[in-house]
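Colleague: below is the sequence, then the predicted model.
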Amino acid sequence: MPHIDFNQPPFDVLTLSERQSIRKNTSIRYLEKNERLPTEELQHLYVVMKGQIEQRLDDRFVASYLGSNHSDELNNNDWFDSRRLPKSTNKQSEKLQAQTVATTETTQPYQFYAVEDTLLLQVNGAAVDKISAQNHLIRQILSDKLPEKLKALQQRRSKKPTTSHGYDDQQEVQQIMLQPVIDVHLLPVHIVDASQSLFEAADVMTKAGLKHVLVRPLDASNHAHHKPSGTGHLLGILTDTDICRAVSEQQNPATTPCERYANFSLRTINANDEIGDALLTMTRYRIHRLPVIDHHGDVSGVLGQSDMLAHIGHHSQLISIQIEQAKDFSSLATAVDQIGRYIRAQHQNGVKIGNISRMVQTLNAQVFTKLWQMIVPNEVYDNTCVIVMGSEGRGEQIMRTDQDNALIIRDGYTHHDLPQFADTFNSQLANLGYPLCDGNIMMTNPMWRQPIEQFTAQISLWFNNTDPMHGIYLSAILDADYVCGDESLLQEVRRHLKTAHQQSDPMFVRQFARAALQFGDVNQWWQKFAPLLGGKAVSQDIDLKKAGIFPLVHGIRAFALENDILDVSSTKNRLKALVQAGIMNQERAANLLEALEFFMAQRLSVAISTDDRHARQVNPTTLTALERDLLKECLAVVKSFKNELQQHYQLAIT
């Protein structure tokens, strides 16, 4: 009986009885170099144990499947279902079918050749079907539908099996628990004298937006344990609950001193103590607040239980509060650092990349808004509109890559310090970790800092010029999203975009769409799997942006522009609008979005595991077998979409 590793996909989701069934229905199949699987054996599921299989259709390369000897991960074996038949990669809506060359279904099966001597596990197809009918996880993993396979990957990530190369949920929490208390967002310190009334204490709480105040004893200097270097350990605490208790006891808040209801048996924690110690103290003594004592013995802040738990869970709401409460560039930088932790935690917990990216877009917008408010006077804020563009504007930016922003100014409004404000804004964003744009698409560039009249005139120029840079600029403004200021200024720009497009040459969109094809046939990327003769291999890295993200984003952007869908900037909303307009069917749109989000997720994985801020290159042999299988599927979706663009706009792929 052949050995089957049930710790590896697709078999790691099977029950004990299902594993026994697989064992009974699995045999070993050996193929010599250049040998082809005969037609009568194309009724099984195969796992490549050693060697390499090449999948072809009419002598055209389709994909490669690798054994563990070609992977950086031990026992990380690819699989393929030999029963799967080729299907049309160009199914379109009725509107597009009328404009493109029809493609018919084919029943010609794929061919599978051994690139080298290859050892396979051959699993009976009928047994696999029987198990799939009962086990939805194996059904998703082996599905020929991309959304189903991505659900399987998401579920596997959310379970987070521990490996020598990653973290599990428990490890992540343990790492956080070892961080110093000072890393957590602390509540500000507000102190009242013990002789002050409960009414006065309540007034301080209300104005500070807190549910407590610290209380200074009447004669702190006489306490035997007083330390000249600090006063933190002498303080008491008064909470809103204490005030409610006083009222319920019919005490007059205006005349009752705080000392009567404050708690002077105060538990504290040192700033460098671990978060785990703080949690233990709160749990043991059933308290919700811990004053944090610095090295001088003074209270540097108050650790709230909800803030601590939110930090452990990387809650986005806490980050939002930190951004809002930031008083200077330094405190804003602290909040920005939390965004990175939030992204990592959410990704490792299996949260869909689209949900993460949209939350990050919201948090980044709050950062940009707060920064702009810190820099400019109110009149500048009210007469301008800050926008972001590119992936940030589409809500598809996760890592902090190059800035893409602009400033729209109300016609007739001027301020002599606007250039300085713009320079400060971009410089401070760079200090916060958002790098300056290599293409200078930032508000420091006068071209991206103009009044409405000049902005719209510039857009008209872009529509009536064949300069390739104008297509790049137009792509940027099409992706623009509001950050802060007067949003009506951006709405006016969008209205002009529609007018300028309607007045442009009908052939403009055709040239605009051509850019989606500029990086060549996606099949060329996948063929990098095939090793050269003599055991040497070509560079196996795949540029996720060129091979996947850009063709999808720009092609969908072109379809949206052609159909005057200009009031939304995200790829997801553009696809939704295209479906509603009957330009694209729902299944097609879903596959395009799932493929895009898969590429985004892989980029994030690269960013987390390396120091590459661009995070574009991925070596497929370092991926799991399931991820490689999905990469093939998503690259096939890209190829299909590029063929669709080529036919629809009558373009030649160069």
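Modeller: Cool, got the structure. Quick caveat: nothing in here was measured; it's all calculated off a predicted structure.
Colleague: for Arg19, phi and psi?
Modeller: phi -60, psi -40 (degrees, to the nearest 10).
Colleague: surely it is in contact with Asn7?
Modeller: No: the pair Arg19 and Asn7 fails to qualify as a contact (C-beta atoms under 8 Å) at a distance of 11.2 Å. C-beta here means a position set from N, CA and C on the backbone, and glycine is covered the same way.
Colleague: and Glu200, its phi and psi?
Modeller: Given degrees, to the nearest 10, the pair of backbone angles that Glu200 has is phi -70, psi -40.
Colleague: ok, Leu121 next?
Modeller: With angles defined as degrees, to the nearest 10, Leu121 shows backbone torsions of phi -90, psi 130.
Colleague: then the one 3 residues further on?
Modeller: Backbone torsions of Asn124, given as degrees, to the nearest 10, read phi -60, psi 130.
Colleague: just to revisit the earlier point, ok, Arg19 and Asn7, which is more surrounded?
Modeller: Counting neighbours by other C-beta atoms under 10 Å for Arg19 and for Asn7 shows that Arg19 has the greater number, 15 against 9.
Colleague: just checking: what are the partner strands of the helix or strand where Glu54 lies?
Modeller: According to DSSP states H and E, Glu54 maps onto strand 52-57. Looking at strand 52-57 with DSSP bridges, its paired strands and their directions are strand 60-66 (antiparallel), strand 111-114 (antiparallel).
Colleague: list the buried residues of the first one.
Modeller: So that's strand 60-66. The neighbour-count criterion (16 or more other C-beta atoms under 10 Å) identifies Val62, Ala63, Ser64, Tyr65, Leu66 as the buried residues of strand 60-66.
Colleague: tell me the strands beside the helix or strand following that strand, with direction?
Modeller: Using DSSP H and E, the helix or strand that directly follows strand 60-66 along the chain is strand 79-81. Listed by DSSP bridges, the sheet partners of strand 79-81 and their directions read strand 44-50 (antiparallel).
Colleague: which residues does the partner strand contact?
Modeller: When contacts are taken as C-beta atoms under 8 Å, 6 or more residues apart in numbering, the neighbours of strand 44-50 outside the stretch itself are 29, 37, 53, 65-69, 77-83, 112, 117-125, 128, 142.
Colleague: isn't Asp567 up against Arg494?
Modeller: Yes: look at Asp567 against Arg494 with C-beta under 8 Å: they come within range, at 5.9 Å.
Colleague: all strands for the stretch 401-550 of the chain, in order.
Modeller: 405-409, 449-451, 481-485, 542-543 (DSSP state E, counting those that start in this stretch).
Colleague: cool, the stretch 551-654 of the chain as well?
Modeller: With DSSP E, counting those that start in this stretch as the definition, the stretch 551-654 of the chain shows strands at residue ranges 617-618.
Colleague: among the buried residues of strand 60-66, which pair sits farthest apart?
Modeller: Taking C-beta to C-beta as the measure, these span a maximum distance of 14.4 Å, between Val62 and Leu66.
Colleague: neighbours of the nearest residue to Val360 once chain neighbours are set aside, just the number please.
Modeller: Of all residues not flanking Val360 in the chain, Ile398 sits nearest, at 5.7 Å (C-beta to C-beta, 6 or more residues apart in numbering). Using other C-beta under 10 Å, Ile398 is surrounded by 24 other residues.
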